[in-house]
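J.: need the 3D shape of this:
(one chain, ligands or ions: 2)
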Amino acid sequence: MRNDILKILINEEEINQSCQKLGEQITKDYNNKQLVLVGLLKGCQPFLGDLSKRIDTHLEIAYMRASSYTKKERSKEITLLKDPTISIENKHVLIVEDIVDSALTVQKVIKEFKKLKPLSVEVVTLIDKPSGRLIDFVPKYVGHIVPNEFVVGYGLDYNEYYRNLPFVGILKQKIYKGE
Ligand code: IMP
Ligand code: MG
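T.: Ligands and ions are numbered 1, 2, ... in the order given. Presented below is the predicted three-dimensional model:
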């Protein structure tokens, strides 16, 4: 599997360091506040696990599924599947994403959450790819910024594979092009 990777962009050590840094910042910002981490499946899984261990404040963890398909260029249909037991009214929500690309997914999740009267809604993402934006959006907490490349690993997939890589890297072109 590792043979399919052209280049490692963010190695395990760098991921650890950014989880530690983000965890410390989030601990400070949400100290004594009712915090709910909401992970967007499936990509958030390793990041949410590592990040949450470094946040030293009482918090709840919930998940939701956001899937998208491209309707036409510059427009996406996004479907949300929420855990019906999650309650965010009067709590601070921190959405946990693997990557923010166009930002349409987080925009839709934020819009839905705001209807449920939380005290605040923010986003923490391991990776930000600002070159992919279709709307104006800046996540509050960012681990790494990547160039305009399709990346896999540490939760991020290509056709459901590569989520189990311990680092984030660029796939070889022959994988896409089916050489
Ligand atoms: P957005 O709605 O365009 O911001 O896309 C967010 C979702 O698209 C992410 O949660 C990923 O599932 C997927 N995605 C965007 N860019 C990449 C990438 O480079 N590799 C893998 N998945 C990606
Ligand atoms: Mg995702």
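J.: so how far is ligand 1 from the residue most central in space within the chain?
T.: When C-alpha atoms, centre = their mean is applied to the chain, the residue found nearest the centroid is Glu97 (1.2 Å). Distance from Glu97 to ligand 1, counting by C-beta to the nearest ligand atom, to the nearest Å: 6 Å. C-beta here means a position set from N, CA and C on the backbone, and glycine is covered the same way.
J.: got it, and Ala62?
T.: According to C-beta to the nearest ligand atom, Ala62 stands 17 Å off from ligand 1.
J.: send the alpha carbons of stretch 166-179 over as PDB?
T.: Taking Å, rounded to 0.1, in the frame of the first residue of the first chain, the C-alpha atoms of stretch 166-179 are listed here in PDB:
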ATOM      1  CA  PRO A 166      -0.300   6.700   9.700                       C
ATOM      2  CA  PHE A 167       0.800   9.800   7.600                       C
ATOM      3  CA  VAL A 168      -0.800  12.100   4.900                       C
ATOM      4  CA  GLY A 169       0.600  11.800   1.500                       C
ATOM      5  CA  ILE A 170       0.000  12.300  -2.300                       C
ATOM      6  CA  LEU A 171      -1.100   9.300  -4.300                       C
ATOM      7  CA  LYS A 172       0.800   8.200  -7.400                       C
ATOM      8  CA  GLN A 173      -1.000   9.300 -10.600                       C
ATOM      9  CA  LYS A 174      -1.100   5.700 -11.900                       C
ATOM     10  CA  ILE A 175      -3.600   4.800  -9.100                       C
ATOM     11  CA  TYR A 176      -6.100   7.300 -10.400                       C
ATOM     12  CA  LYS A 177      -5.400   6.600 -14.000                       C
ATOM     13  CA  GLY A 178      -5.400   2.900 -13.500                       C
ATOM     14  CA  GLU A 179      -2.200   2.200 -15.400                       C
END
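J.: buried set for that stretch?
T.: Buried residues in stretch 166-179, counted by 16 or more other C-beta atoms under 10 Å: 167-171, 175.
J.: now do it: everything it contacts.
T.: The set of residues external to stretch 166-179 that reach it, using C-beta atoms under 8 Å, 6 or more residues apart in numbering, is 4-12, 15, 126-127, 144, 146, 149-154, 156, 158, 162.
J.: pLDDT wise, what is Lys76 at?
T.: You'll see Lys76 listed with a pLDDT of 71.
J.: report how many residues lie close to it.
T.: A count of neighbours around Lys76, defined by other C-beta atoms under 10 Å, yields 15.
J.: does ligand 2 have contacts with the helix or strand bottoming out on mean pLDDT in the chain?
T.: Across the helices and strands of the chain, mean confidence by mean pLDDT, DSSP states H and E is lowest for strand 75-82: a mean of 78. No: taking C-beta under 5 Å from the ion as the criterion, strand 75-82 and ligand 2 are apart, separated by no less than 10.8 Å.
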